[in-house]
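*Asks:* I need the structure of the sequence given here:
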Amino acid sequence: MLGIAAAVLFFIAFLINAADLSTNDVFASGNVMLLGLMLLALHVAGVGAGNRIGGSRRR
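*Replies:* Take a look at the predicted model:
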């Protein structure tokens, strides 16, 4: 799920950069891209994977 959110943020950053939109400093394309990189790093680290410890039984 975090990987999909990162892809959406990268796409938004691309649109802001490609359309040369003037936004405030919070929503600049570089900041949106950094948020996407943070979500991508969390995804690669396994945060939000939904794995439960001891949740499955083998028969």
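*Asks:* In contact with residue 29, which residues?
*Replies:* Listed by C-beta atoms under 8 Å, 6 or more residues apart in numbering, the contact set of residue 29 reads 13, 14, 16, 17, 23. Placement of C-beta: from N, CA and C, glycine included.
*Asks:* Let me know the closest of these to residue 31.
*Replies:* residue 13 (8.3 Å; C-beta to C-beta).
*Asks:* is it true that the closest one touches residue 37?
*Replies:* No: using C-beta atoms under 8 Å as the test, residue 13 is too far from residue 37 to be in contact (9.9 Å).
*Asks:* Just want to know which of the two has more residues nearby.
*Replies:* residue 13 (21 against 14; other C-beta atoms under 10 Å).
*Asks:* What helix or strand is that one located in?
*Replies:* Take DSSP states H and E as the rule and residue 13 turns out to sit in helix 2-19.
*Asks:* buried ones in whichever helix or strand comes after that helix?
*Replies:* Next helix or strand after helix 2-19 toward the C-terminus (DSSP H and E): helix 29-45. Using 16 or more other C-beta atoms under 10 Å as the test for burial, helix 29-45 gives 29, 31, 32, 33, 35, 36, 39, 40, 43.
*Asks:* Repeat that for stretch 10-17.
*Replies:* 10, 12, 13, 16.
*Asks:* Distance of residue 17 relative to residue 48?
*Replies:* Distance, residue 17 to residue 48, by C-beta to C-beta, to the nearest Å: 27 Å.
*Asks:* List the residues that contact residue 41.
*Replies:* Contacts of residue 41 (C-beta under 8 Å, 6+ apart): none.
*Asks:* at 10 Å instead, please
*Replies:* Residue 41 is in contact with 2, 6, 47, counting by C-beta atoms under 10 Å, 6 or more residues apart in numbering.
*Asks:* So which of those wins on neighbours?
*Replies:* Ranking the contacts of residue 41 using other C-beta under 10 Å puts residue 6 first, with 21 neighbours.
*Asks:* That concludes my questions; thank you for your assistance.
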